[in-house]
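Chemist: Provide a 3D model corresponding to the input given below.
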Amino acid sequence: MTRGPVEVDAFVSFTLAILLLFAGRELTRRITALRRYSIPEPVVGGVLCAAVVGVLDLAAGVRVSFELGARDMLLLYFFAAIGLKSDVRTLIDGGRPLLVLLVLACVFIGLQNGVGMAMAAAFGQDARAGLLLGSIALVGGFGTTLAWAPDFASRLGIAHALELGAAANMVGLVAACVIGGPVASHLMRRHRLQPSGAAEQDVGVANDAADPPLDYYGVLRAWLWLNVTLLLGQGLAAALRQAGLNLPDFVGCLLAGIALRNLLPLAWPKALARQWAGTRRGLALISDICLGMFLTMALMGLQPWALDGVLGFVAAVMAVQIVLAVAYILWVVFRCMGGDYEAAVVCAGFGGIALGSTSTAVANMSAVTRQHGAAHRAFIVVPLVCGFFVDVVNAFVIGWLAR
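Modeler: Numbering: from 1, shown residues only. Next up is the predicted model:
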């Protein structure tokens, strides 16, 4: 029997989110499976809270709800920071392989969304619900899922949008971890690829250049740039909506950050160069805090039991999406990326692009290169495509398909 709702106010909810982040960190440290599958600490803490709330609701009839208004601002800060840290000139470092991988990822976004929408329609649901089990949750990841879910629920009337996307992302994350290494090993055996054997790795090696210290003014400058980006980004998002392209505010903040980062140095190169070194570390700190808190707060209110009537739909779509990803990696990505050892390492990382996250992609590639030798080109192109370019393309594709 339901005993009525328990409302947790904004301050207590925010404080609880901090405690849940620490709980997620401790659980991840202690539980090997969480580390093996690279499950993010905020996800562990947020899902733990959702599980406790679910038990209270189902067993004791107590419905707990949190005031989570702060999470929307945290999301804007995070995407603004991504934009401000994105130097488009790094495209030159990747060269042609980066462009090829970006095209492959964009094509896959179309295939993934086509599968999701077709299967949603086949199950008698709004076809646009398939986007939540397509590039929103899989290519986009948790951040994109949590950013788009409220829009799908309020504007499109898709029930339990957050639960659908979160379920798809969790399955995709585990699948990405599982398929990466085996796919690379299969390709190396089948095509008799010669590993590089190079001992120097791309992950975990210290940079020769010393980072400037993180100080009061570095954080304050970062905060100022983030606020300027938010002001411009929200205006840009509103202008895009007036032009008929319905994109959430976080996309505008991402684009505004990219514009500021890459256009201002052209006008004031020396002045900004002196300021930017310290500001960069401040941006990294603020964006990490905002992402962790946002993910935790968003998942605190998750209601997985609400998926009772659509579990078959989620399972069927995810089975097809995983098969599609593996087939695309083996038959398309490997050949287009050159068919060599570097291409096999890229294929291990593409599982992260297609189903998981940037961290999953890097973890998959690291596992392969630790055993067979370094693959420097792969560690340039995959993080750039997975961590920046695909997010921009994905946002516009989702906005167009979800009209």
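Chemist: quick one: average pLDDT of the helix or strand in which A147 is found?
Modeler: Using DSSP states H and E, the element containing A147 is helix 141-154. The average pLDDT within helix 141-154 is 84.
Chemist: Same check on stretch 45-53?
Modeler: 87.
Chemist: Show residues contacting the lowest-mean-pLDDT helix or strand in the chain.
Modeler: Ranking every helix and strand in the chain by mean pLDDT, DSSP states H and E puts helix 32-36 at the bottom, with a mean of 74. Contacting residues not belonging to helix 32-36 are listed as L27, T28, R29, V44, C177 [CB atoms under 8 Å, 6 or more residues apart in numbering]. Quick note: C-beta positions are derived from backbone N, CA and C, even for glycine.
Chemist: so what pLDDT did the last one get?
Modeler: Put plainly, it is C177. For C177, the predicted pLDDT is 74.
Chemist: Do I have it right that it meets S366?
Modeler: No: applying CB atoms under 8 Å, one finds C177 not in contact with S366, separated by 12.0 Å.
Chemist: Give the helix, strand or coil label for A374.
Modeler: coil (DSSP: H, G, I helix; E, B strand; the rest coil).
Chemist: Quick check: the gap between it and N394.
Modeler: Look at A374 and N394: by CB to CB, to the nearest Å, they are 29 Å apart.
Chemist: could you dump stretch 347-363 to CSV, C-alpha only?
Modeler: C-alpha atoms of stretch 347-363 as CSV (Å, rounded to 0.1, in the frame of the first residue of the first chain):
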residue,chain,number,x,y,z
CYS,A,347,38.2,-1.9,-34.4
ALA,A,348,38.6,-2.7,-30.7
GLY,A,349,38.0,1.0,-29.9
PHE,A,350,35.0,1.3,-32.3
GLY,A,351,33.0,-0.9,-30.0
GLY,A,352,33.3,2.0,-27.5
ILE,A,353,32.2,4.5,-30.2
ALA,A,354,29.2,2.3,-31.3
LEU,A,355,27.9,0.9,-28.0
GLY,A,356,29.7,2.4,-25.0
SER,A,357,31.8,5.5,-24.3
THR,A,358,35.2,7.1,-24.9
SER,A,359,36.6,5.5,-21.8
THR,A,360,35.4,2.1,-23.0
ALA,A,361,37.0,2.7,-26.4
VAL,A,362,40.4,3.6,-24.8
ALA,A,363,40.2,0.7,-22.3
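Chemist: ok, back up a step: put together CSV for the contacts of helix 32-36, with distance to A361 on each row.
Modeler: Converted to CSV, those look like this (distance: CB to CB, whole Å):
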residue, distance to A361
L27, 23
T28, 19
R29, 23
V44, 20
C177, 10
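Chemist: In PyMOL, select just the buried ones from those residues.
Modeler: Only the buried entries of these go into this PyMOL selection, using 16 or more other CB atoms under 10 Å:
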select buried, resi 28+44+177
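Chemist: Give me the contact list for the helix holding A147.
Modeler: With contacts defined as CB under 8 Å, 6+ apart, helix 141-154 is touched by 40, 43, 75, 78-79, 128-129, 131-132, 136-137, 140, 158-162, 165-166, 168-169, 248, 250, 291, 294-295, 298-299, 356-358, 391, 394-395, 398, 402.
Chemist: In helices, which of those residues fall?
Modeler: Of those, the ones assigned to helices by DSSP state H are 43, 75, 78-79, 161-162, 165-166, 168-169, 250, 291, 294-295, 298-299, 358, 391, 394-395, 398.
Chemist: in stretch 355-372, what's buried?
Modeler: Going by 16+ other CB under 10 Å, stretch 355-372 has these buried residues: 355-369, 372.
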